[in-house]
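1. next one to model:
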Amino acid sequence: MREFTVCEAPQRSEAWFQARLGRATSSRAADMLATLKSGGEAAGRRNYRVQLVLERLTGRSQERDYQSPAMLQGIEREAEALAQYEAVTGELVERIGFVAHATLMAGGSPDGVVGDGLVEAKCPLPATHLDTLKTGIVPGDYLKQIQHLLWVMGAPWCDWLSYNPDFPASLRVKLVRVTMSQAERDSHELLVRQFLREVQDELDSVRQLQGERDVCLV
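-> Below you'll find the predicted structure:
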């Protein structure tokens with residue numbers, strides 16, 4: 001794994017939000033990487049870029065407080081899902097806080113670490129879980145989140161566990177191992193660097209406006 005720094009504050013605590021402030025995180029990787037066939041900027045990407053500009057400008061988190069019932073249920077079942085992973089693999093999961101990239105304003109919060117690899121254990125909606133059972137493919141947004149974590153930490157693999165306790169016992173768990181080639185890591189880094197450059201350029205332009213206003217007020 002590459003060098004990085006870790007904030008061990010509990011997820012969704014004030015210190016955890018501060019550690020994420022202004023950084024391109026794994027949970028928003030799908031927004032950061034969103035594209036349009038027309039070539040224009042996707043709304044999700046634009047909104048996330050503006051969010052990071054505002055966080056850096058104000059020093060305050062712009063994270064949305066709202067969590068849907070499905071999101072809350074997934075959070076509540078996360079520990080149960082990780083216990084399922086340990087039962088299936090026989091491996092112990094080490095919990096870890098927010099991980100910040102060593103040199104770039106990027107990071108993420110993996111669900112756990114196992115040896116030199118990572119674990120993402122989720123409790124998706126029944127339809128999503130069923131699709132993963134049938135295809136063995138990690139859903140797109142989750143895959144982008146995992147790839148961002150693999151890149152940030154330099155880990156060789158991440159086990160994705162889809163868990164839904166409402167299914168029959170033999171169908172409650174689907175485990176998929178995700179890896180990234182060096183070419184995929186290099187491509188991801190280029191996209192992250194471009195996005196962060198746009199964030200910084202917009203922040204610089206806003207600060208320039210502030211400077212011009214200060215001059216006018218003199």
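
2. Three-state assignment for C158, please.
-> Secondary structure, DSSP: H, G, I helix; E, B strand; the rest coil: C158 is strand.

3. which strand residues bridge it?
-> Note on C158: beta-bridge partners L118, V178, judged by DSSP bridges.

4. burial check on it, number of neighbours?
-> Neighbours of C158 under the rule other C-beta atoms under 10 Å: 27. Heads up, the C-betas are built off the backbone N, CA and C, glycines and all.

5. tell me how far V6 lies from V176.
-> Applying C-beta to C-beta, to the nearest Å, the value for V6 to V176 is 26 Å.

6. same check, this time on A79
-> A79 is 20 Å from V176, by C-beta to C-beta.

7. list the helices and strands the helix or strand hosting V199 packs on?
-> Assigned by DSSP states H and E, V199 belongs to helix 182-217. Judged by 3 or more C-beta pairs under 8 Å, 6 or more residues apart in numbering; DSSP states H and E, helix 182-217 is in contact with strand 24-25, helix 29-32, helix 43-58, helix 140-153.

8. picking that back up, so A79 and V176 - more neighbours on which side?
-> Comparing A79 with V176 by other C-beta under 10 Å, the one with more neighbours is V176, at 18 against 12.

9. let me know the pLDDT of that one.
-> At V176, the model reports a pLDDT of 97.

10. ok, now L217?
-> 47.

11. again with K37
-> 88.

12. who's in contact with Q11?
-> Q11 makes contact with 97-98, 109 under the criterion C-beta atoms under 8 Å, 6 or more residues apart in numbering.

13. do that again at 7 Å, thanks
-> Residues near Q11 by C-beta atoms under 7 Å, 6 or more residues apart in numbering: S109.

14. what of L191?
-> Applying C-beta under 7 Å, 6+ apart, the residues contacting L191 are L33.

15. centroid-nearest residue for this structure?
-> S26 (1.6 Å; C-alpha atoms, centre = their mean).

16. partner residues bridging the nearest residue to that residue once chain neighbours are set aside?
-> Nearest non-adjacent residue to S26, counting by C-beta to C-beta, 6 or more residues apart in numbering: G108, 3.0 Å away. As for beta bridges, G108 partners with V99 under DSSP bridges.

17. doesn't Q147 make contact with G108?
-> No. Counting by C-beta atoms under 7 Å, G108 sits too far from Q147 to count as a contact (10.3 Å).

18. mean pLDDT per helix and strand in this protein: which one sits at the bottom?
-> Least confident element among the helices and strands of the chain, by mean pLDDT, DSSP states H and E: helix 69-76 (a mean of 62).

19. after that one comes which helix or strand?
-> Next element after helix 69-76 (DSSP H and E): helix 78-89.

20. I appreciate the help and will end here.
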